[in-house]
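Chemist: only the shape, not the letters, is given here:
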């Protein structure tokens, strides 16, 4: 798993229990998956279609730094399926796992569009 992004848990990210609010964490994950897909598919029109079971394994507290990791599960015709894990950067303890999220490539009219990709490409290799 490649860990791409780090987030600092701040007071506004906490739930009444004083731990990271799950909704905030899911927003961070959804944004990161979208950005990753946009870069891979070279199209700014990518949307989240489906997320598999979301498994909260532990939590984070104010001041913790969490890392969001992504791996490609498969390339579809119009989609990209990703898996994700978030861990506490300091303890390496897994906070959440999502085995499968389907991101769909869209055309200008918002309809699914074939992307023609079959493997991960790194931006450095495109330049």
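Modeler: Sure thing, it's come through. Worth saying up front: this structure is predicted, and the values here are computed from it rather than measured.
Chemist: model confidence score at the residue positioned nearest the centre of the chain, please.
Modeler: The centre of the chain sits closest to residue 33, judged by C-alpha atoms, centre = their mean, with a distance of 3.1 Å. On pLDDT, residue 33 comes in at 98.
Chemist: ramachandran angles for it?
Modeler: With angles defined as degrees, to the nearest 10, residue 33 sits at phi -60, psi -40.
Chemist: contacts only, for it.
Modeler: Counting by C-beta atoms under 8 Å, 6 or more residues apart in numbering, residue 33 makes contact with 48, 70, 82, 84, 101, 103. C-beta here means a position set from N, CA and C on the backbone, and glycine is covered the same way.
Chemist: gap between the one helix or strand in the chain whose mean pLDDT sits lowest and the chain center?
Modeler: For the chain, counting by mean pLDDT, DSSP states H and E, helix 123-126 ranks last in confidence among helices and strands (a mean of 68). Helix 123-126 sits 21 Å away from the centroid of its parent chain (C-alpha atoms, centre = their mean, to the nearest Å).
Chemist: contacts for that helix?
Modeler: Identification of contacts with helix 123-126 by C-beta under 8 Å, 6+ apart yields residue 39.
Chemist: average pLDDT for stretch 38-53?
Modeler: Taken as a whole, stretch 38-53 has a mean pLDDT of 97.
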